[in-house]
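# fold the following and give me the result.
(chains A and B)
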Protein chains: 2
Amino acid sequence: MAKEAFTVFEVGPRDGLQNEPVAVPLEDKIAFLNGLLAAGVRNIELGAFVRPDRVPQMADTDEIYRRIESGEIRLGKARAWSLVPNRKGLERALQAGARNIALFTAATDSFARQNIGMSVKASLAEFSGIVADIRSSGKSIHVRGYVSTAFGCPFEGKVNPRKPLKVIEGMLEAGVNEISIGDTIGVATPNQVDLVIKPALRMVGKRSAQKLAGHFHDTRGTALANSLRAIELGVRTLDSSAGGLGGCPFAPGASGNLATEDLVYLLEGMGFRTGIHLHKLCETSAALLSKVFARTNRPIASRYLQSYLASASRTHSCASC
Amino acid sequence: MAKEAFTVFEVGPRDGLQNEPVAVPLEDKIAFLNGLLAAGVRNIELGAFVRPDRVPQMADTDEIYRRIESGEIRLGKARAWSLVPNRKGLERALQAGARNIALFTAATDSFARQNIGMSVKASLAEFSGIVADIRSSGKSIHVRGYVSTAFGCPFEGKVNPRKPLKVIEGMLEAGVNEISIGDTIGVATPNQVDLVIKPALRMVGKRSAQKLAGHFHDTRGTALANSLRAIELGVRTLDSSAGGLGGCPFAPGASGNLATEDLVYLLEGMGFRTGIHLHKLCETSAALLSKVFARTNRPIASRYLQSYLASASRTHSCASC
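Numbering: from 1, shown residues only, chains lettered A, B, ... in the order given. Alright, predicted model coming up:
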């Protein structure tokens, strides 16, 4: 029987590196991107058209698109995504030749205000305007919408499922291609996943499950369990970060993004086809982490990668490691 | 609606500490045990009647039972468990006043031979003999059987589900009270959990689900996802280790036992009643880990504990951390 395909959406180079305290030099980032692509990653968020003075880690995003153009970053059939916070960012993105952009809002007003300076409602209006502009430009642009704090908010605590569902509805009306539902601070448990993902799947319709992605953080250890529940419900796209890059800005020292290695191990074990070569991915993550983490003294967040490196560091005849 | 009870079986003081390279002084261990008990732990594996020259970390097990007897370790209504490797161990255990003992074998011959010096078949015969001796002694002793390498073996690789199922059958015939099914090297994915746990539950019968426990290791990040699948199937006892104590002897530097904090967070979030006070547990684990890990330079394995400590280390008004 042919294996069912599963989309692993790699957010390490953007969501991951943006939340690391040290900026990665451009050449290291290019090697990282090429490693991820060579490992089989087909959706990769690699930059953000944000203010370089505010987010220095993403200051090289325009340059990265030039390196794609020049062929130095070997994109092949993969989709390169970038975050666009507003109309100004959209202009830069289109200028740079971006074909896949990600817009961002949250389920809670406090978080949206803190991050994009407007209420959820205002951000959805902005969202609609941006998508309308894109559509009327005639360019073929894929748009991904992020719903942050869909389960819990660092300012408002537990979030009523009606809030993210309203945002998802608004995003669908605005005409986005896909929506990523985020447990930004890693507080969700699988029953909460049910309460948001089940109605969201009903909203997009059974045949359009590919419109929804789950974006789980591992701050309290539940990311892969929540991912499993989302898979059981029918979700076939999950976001993750190579090596578990990223940490949690709301609890410095804690884990953040779900690690791609752990997710791929689970998915392949369960019989899905991710297209990702796990050991190539480990080598790529390890090479980058040795640069980033050497300076931050943070442990490697990916369990699989930890175990891969532990096994690789000794000679043995173990069939399972 | 009353919450459904869930048994969290704490293995940190035995399975955890036994796999740490440094031995914890008796007084620190007593403080650890009292902390766990005060946090609400009701099943606790605290020692092993093994050869002190081979396993120095467990050399104080007889003394620990004396401290229970003297009331210094405040057991209350909790069950204290100890591992018994053979008849000699059983004698010591009964002498010490142990009421709950754990026997150990594996699903694979290579692993059983390496750990207890006999084949699986021979170990099951030994098992039956020991249980028969206990029963004929007239003492009220609870017996737990461990089936190690139920999903994967460090020597034989992937394990055919028929192997652990045969061991489970043998243990039930021998008359054990409960069986813990172990993913000793942390390789399982949820579909493999199905293949072993589903038929095992059929074997014990629907009303006797409490006879089965899941014992998942987090070496590749899948422990909590596998736990979730076991819960979905009807398992209501899971083994875990405070702070994620233990590591993996087959991949030094990698994670081992599922962390109790992460498990309790998941279970309480899902509406189960564990009886465990999560923050008291965190303080207890942190106190012990500061002693053990300061000397081994290993990161804290429990995600929840990491995040608890990260949040506790700063003043903030965050409702969720």
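# quick one: name whatever helix or strand follows the helix or strand containing A:Arg202.
A:Arg202 is part of helix A:190-204, with elements assigned from DSSP states H and E. Note on helix A:190-204: by DSSP H and E, the next helix or strand toward the C-terminus is strand A:212-216.
# sheet partners, orientation included, of that following strand?
strand A:178-183 (parallel), strand A:237-240 (parallel) (DSSP bridges).
# dump those strands to JSON lines, plus mean neighbour count and distance to B:Lys163.
C-betas here are computed from N, CA, C, even on glycine. Below are these laid out as JSON lines (neighbours: other CB atoms under 10 Å in any protein chain shown; distance: least, CB to CB, whole Å):
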{"stretch": "strand A:178-183", "mean neighbour count": "25", "distance to B:Lys163": "37"}
{"stretch": "strand A:237-240", "mean neighbour count": "27", "distance to B:Lys163": "32"}
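# save those as JSON lines, and put in distance to A:Leu309 and mean pLDDT too.
Formatted as JSON lines, the strands paired with strand A:212-216 follow (distance: least, CB to CB, whole Å; pLDDT from 0 to 100):
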{"stretch": "strand A:178-183", "distance to A:Leu309": "27", "mean pLDDT": "98"}
{"stretch": "strand A:237-240", "distance to A:Leu309": "18", "mean pLDDT": "98"}
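# mind putting the ones you listed into a markdown table with distance to A:Ala259?
A markdown table is the format used below for the strands paired with strand A:212-216 (distance: least, CB to CB, whole Å):
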| stretch | distance to A:Ala259 |
| --- | --- |
| strand A:178-183 | 15 |
| strand A:237-240 | 6 |
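# between these, which one is nearest to A:His142?
For A:His142, the closest of these is strand A:178-183, at 7.6 Å, according to CB to CB.
# can you pull the contacts of the nearest residue to A:Lys206 once chain neighbours are set aside?
Closest residue in space to A:Lys206, ignoring its immediate chain neighbours: A:Gly234 at 7.6 Å, by CB to CB, 6 or more residues apart in numbering or on different chains. Counting by CB atoms under 8 Å, 6 or more residues apart in numbering or on different chains, A:Gly234 touches A:Leu201, A:Lys206, A:Ala209.
# can you say which of these are buried?
The neighbour-count criterion (16 or more other CB atoms under 10 Å in any protein chain shown) marks A:Leu201, A:Ala209 among those as buried.
# lowest-confidence one in the contacts of A:Gly234?
In terms of pLDDT, A:Lys206 ranks lowest among these, with 79.
# on that earlier part again, and the residue nearest to A:Lys206, what pLDDT?
97.
# same deal with A:His316?
Reported pLDDT for A:His316: 39.
# low-confidence regions, chain A specifically.
By pLDDT under 70, the weakly predicted segments of chain A are A:294-297, A:313-321.
# all helices of it, in order?
With helices called from DSSP state H, chain A shows them at A:17-18, A:26-38, A:61-69, A:87-96, A:109-116, A:120-136, A:162-174, A:190-204, A:223-233, A:260-269, A:278-296, A:303-312.
# picking that back up, now, which of the contacts of A:Gly234 sits nearest B:Lys280?
Using CB to CB, the contacts of A:Gly234 come closest to B:Lys280 at A:Leu201, 38.6 Å.
# output stretch A:9-27 as CSV, nothing but the C-alphas.
Extracted in CSV, the C-alpha atoms of stretch A:9-27 (Å, rounded to 0.1, in the frame of the first residue of the first chain):
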residue,chain,number,x,y,z
PHE,A,9,6.4,22.6,7.4
GLU,A,10,9.8,23.7,8.5
VAL,A,11,9.9,26.9,10.6
GLY,A,12,13.4,26.7,12.0
PRO,A,13,15.1,29.2,9.9
ARG,A,14,12.5,31.9,10.7
ASP,A,15,10.4,31.1,13.8
GLY,A,16,13.3,29.2,15.3
LEU,A,17,16.2,31.6,14.6
GLN,A,18,14.2,34.7,15.3
ASN,A,19,13.8,33.5,18.8
GLU,A,20,17.5,32.7,19.3
PRO,A,21,19.4,35.4,21.1
VAL,A,22,22.3,35.2,18.6
ALA,A,23,22.1,36.1,14.9
VAL,A,24,23.4,33.5,12.5
PRO,A,25,25.8,34.8,9.9
LEU,A,26,24.3,34.7,6.4
GLU,A,27,26.7,32.0,5.1
